[in-house]
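Participant: Quick one, structure for this:
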Amino acid sequence: MPSSSHPASRGRLAEEAATSYFERSGFVVLGRNVRVGRDEVDLVVRDGELVVIVEVRTRGPGSWVTALASVDRAKRARLRRAGEALWRSRFKRDSSIARMRFDVVAVDLDATNGPHIEHVRAAL
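Facilitator: Modelled structure (predicted):
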């Protein structure tokens, strides 16, 4: 198994931390690593009538940009495209869902007291 300094391993650990964060916060996790055509959504969670598309980001020590700053224009466009496709295919006809939101979660795995989560609501 790769060490937590390996990017793929860090990504999995960050997604696990984000999943736990949302569950502790009362959200229902509807999916992890949801494929939407060529795109992928890290987390899809639900809070009552709200469905949230979540991008999970982390960065290793010495990274040039912060986790939140790493969500560039191209990534935002892919997330919007994936969210719109999910809305049309899965949620549009569900009368228990009123709207969708796009959030970004930055996970600092190097925090001394466990992962530190920074949750930005309506980030896109």
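
Participant: Pass me the low-pLDDT residue ranges in the chain, would you?
Facilitator: Low-confidence segments of the chain (pLDDT under 70): 1-7, 111.

Participant: For it, which segments count as helices?
Facilitator: Shown for the chain, the helices assigned by DSSP state H span residues 7-24, 73-86.

Participant: what about the closest residue to Arg59 other than its chain neighbours, how many neighbours?
Facilitator: Nearest residue to Arg59, sequence neighbours excluded (Cβ to Cβ, 6 or more residues apart in numbering): Ala67, at 4.8 Å. The way it works is simple: take the backbone N, C-alpha and C, and place the C-beta from them, glycine included. Look at Ala67: counted by other Cβ atoms under 10 Å, it has 20 neighbours.

Participant: Next up, the contacts around Ala67.
Facilitator: Listed by Cβ atoms under 8 Å, 6 or more residues apart in numbering, the contact set of Ala67 reads Arg57, Thr58, Arg59, Ala106, Val107, Asp108, Glu118.

Participant: Find the nearest non-adjacent residue to the second one, please.
Facilitator: In space, Thr58 comes closest to Ala14 once its chain neighbours are excluded; the distance is 3.9 Å by Cβ to Cβ, 6+ apart.

Participant: How much space separates the residue sitting furthest away from the middle of the chain from Glu49?
Facilitator: What lies farthest from the middle of the chain is Ser95; by Cα atoms, centre = their mean that is 24.1 Å. The spacing between Ser95 and Glu49, counted by Cβ to Cβ, to the nearest Å, is 10 Å.

Participant: Check the gap between Phe91 and Ser25 for me.
Facilitator: In terms of Cβ to Cβ, Phe91 sits 20 Å off from Ser25.
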